[in-house]
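**Q** here is my input; please provide its structure:
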Amino acid sequence: MMTSTRSALVLILLGLLGACFFWVTDPWIGWIRHLMPARVNFLDASQQAWPGTLVGLIGSAAVVLLGLWLLIKRPTES
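**A** Numbers count the residues shown, from 1 in each chain. Next comes the predicted model:
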């Protein structure tokens, strides 16, 4: 059985990895633009990808915040 601390650290790590994934794969702010062919219009690609990137970054931030909350939460005595 996982402890609350280990679960919190795993959630924080997964949230940060998720944020890195959405940052890297965004055509406007990420590294993926260097791998895209020259014929791709970056403005169109970034406008199409922006909603997914925004939702992904917000979701990743929520997972990180949940992990931080679990990390600082005091265990209740039973």
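**Q** what number of residues lie near Thr53?
**A** 19 (other C-beta atoms under 10 Å). To be clear about C-beta, it is placed using only N, CA and C from the backbone, and glycine gets the same treatment.
**Q** what's the pLDDT at it?
**A** Listed pLDDT for Thr53 reads 89.
**Q** ditto for Asp44
**A** 80.
**Q** find the centremost residue of the protein, please.
**A** Central residue of the chain (C-alpha atoms, centre = their mean): Ala19, 2.2 Å from the mean position.
**Q** thinking it is in contact with Leu54, fair?
**A** No. Contact criterion C-beta atoms under 8 Å: Ala19 and Leu54 do not qualify, at 11.8 Å.
**Q** how near is Phe22 to Phe42?
**A** Separation of Phe22 from Phe42 (C-beta to C-beta, to the nearest Å): 17 Å.
**Q** same check on Gly59?
**A** Distance of Gly59 to Phe42, given as C-beta to C-beta: 24 Å.
**Q** name the residue in those two with the higher neighbour count.
**A** More crowded of Gly59 and Phe42, by other C-beta under 10 Å: Gly59, with 14 against 11.
**Q** could you pull up the residues touching the more buried one?
**A** Gly18 (C-beta atoms under 8 Å, 6 or more residues apart in numbering).
**Q** count the neighbours of Ser46 for me.
**A** Neighbourhood size, Ser46 [other C-beta under 10 Å]: 16.
**Q** start at 58, not 1
**A** All set: I'll call the first residue 58, so the last point we hit is now Ser103.
**Q** the nearest residue to Val121 once chain neighbours are set aside: how many residues sit nearby?
**A** Once flanking residues are discounted, Val121 sits nearest to Gly72: 3.5 Å by C-beta to C-beta, 6 or more residues apart in numbering. Residues near Gly72, counting by other C-beta under 10 Å, number 20.
**Q** do I have it right that Gly72 meets Trp126?
**A** No. The criterion here is C-beta under 8 Å, and Gly72 misses it with Trp126 at 11.7 Å.
**Q** what secondary structure does Arg96 sit in?
**A** coil (DSSP: H, G, I helix; E, B strand; the rest coil).
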